[in-house]
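*Asks:* Give me coordinates for this.
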Amino acid sequence: MAEVIALVDYGAGNLHSVANALKAAGCSNVSITANPDVVRAADRIVLPGVGSYRACAEGLRALDGMIEAMAERVHVGGAPFLGICVGMQLLADRGVEHGVTPGLGWIGGEVRLIERTDPAIKVPHMGWNDVEVTPHAALVEAGEAYFLHSYHFAPQDGHTIAAMTDHGGGLVAAVAQDNIVGVQFHPEKSQAYGLALLARFLEWKP
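*Replies:* Numbering: from 1, shown residues only. Okay, here's the model as predicted:
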């Protein structure tokens, strides 16, 4: 029986593009869902996210029981988890966009505005950029991916940084801890590189 991938729908994701990319990467059973019971029974979980940290955090919390279901399936059940863009940022303890907003607290750190040290550097960080892996990389490989963000994840523990990119200075491109991976870039917009990442996620046995 094909694995079920739960793609969490909390009103803040590029859902259909991500679903199509997962299917193109080899997944035959993608469930776009706002139902905690579906997430609790899923084999793998993907949390997308587009927009502001606060709006995404509030949207996720508005789904009664969803955060508890994700935590149960990931932390207790050991299901592989992939966060994309703001879905990755929500793994942090908090974000400071439009005031301080609590995150999931799964990977310690804070989501902060990208600081411009050079007037030539534009914020948001938008477009294709290199992804350089660290010794702690999980799933993520070196390559080039598509980014679109004004805020970045600053983890407390450097061992959770899986990849970096350079935009007027180093920015975290991916985080990883146990069966949890988050990517700042958009795999669904990163062509062959992104599809290869999703294919590895579908086969990942952390």
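*Asks:* Let me see the ranges of the strands in the chain.
*Replies:* Applying DSSP state E to the chain gives strands spanning 5-8, 30-33, 44-47, 81-84, 94-95, 101-102, 109-113, 125-133, 143-149, 151-155, 161-166, 170-177, 180-183.
*Asks:* Quick one, which of those gets closest to Ala24.
*Replies:* strand 30-33 (10.7 Å; CB to CB). Using the backbone N, CA and C atoms, a C-beta is placed for each residue, glycine as well.
*Asks:* which other residues reach the closest one?
*Replies:* 4-9, 15-16, 19, 22-23, 38-39, 42 (CB atoms under 8 Å, 6 or more residues apart in numbering).
*Asks:* if you set the cut-off to 7 Å instead, what comes out?
*Replies:* 4-9, 15, 19, 22-23, 38-39, 42 (CB atoms under 7 Å, 6 or more residues apart in numbering).
*Asks:* do stretch 101-121 as well
*Replies:* 53-54, 57, 67, 89-96, 123, 125, 150-157, 160, 167-169, 171, 175, 177, 180.
*Asks:* same check, this time on stretch 195-206
*Replies:* So stretch 195-206 is contacted by 21-22, 24-27, 80, 82, 139-140, 178-179, 187 (CB under 7 Å, 6+ apart).
*Asks:* Using PDB, write out every CA atom in that stretch.
*Replies:* Output of stretch 195-206 as PDB, limited to C-alpha atoms (Å, rounded to 0.1, in the frame of the first residue of the first chain):
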ATOM      1  CA  LEU A 195      12.200  17.400  -7.200                       C
ATOM      2  CA  ALA A 196      15.400  15.400  -6.300                       C
ATOM      3  CA  LEU A 197      15.100  16.700  -2.700                       C
ATOM      4  CA  LEU A 198      11.400  15.700  -2.500                       C
ATOM      5  CA  ALA A 199      12.300  12.300  -4.000                       C
ATOM      6  CA  ARG A 200      14.900  11.800  -1.200                       C
ATOM      7  CA  PHE A 201      12.400  12.800   1.400                       C
ATOM      8  CA  LEU A 202       9.900  10.200   0.100                       C
ATOM      9  CA  GLU A 203      12.500   7.500   0.600                       C
ATOM     10  CA  TRP A 204      14.000   8.900   3.800                       C
ATOM     11  CA  LYS A 205      14.200   6.600   6.800                       C
ATOM     12  CA  PRO A 206      15.700   8.700   9.600                       C
END
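*Asks:* Now do it, average pLDDT.
*Replies:* Per-region confidence: stretch 195-206 scores 97 on mean pLDDT.
*Asks:* What of stretch 55-63?
*Replies:* Mean predicted confidence for stretch 55-63 is 96.
*Asks:* Pull out the buried positions in that stretch.
*Replies:* For stretch 55-63, burial by neighbour count (16 or more other CB atoms under 10 Å) applies to Ala55, Cys56, Ala57, Gly59, Leu60, Leu63.
*Asks:* Stretch 133-151 too?
*Replies:* Neighbour count says stretch 133-151 has 133-134, 136-140, 143, 145-147, 149, 151 buried, by 16+ other CB under 10 Å.
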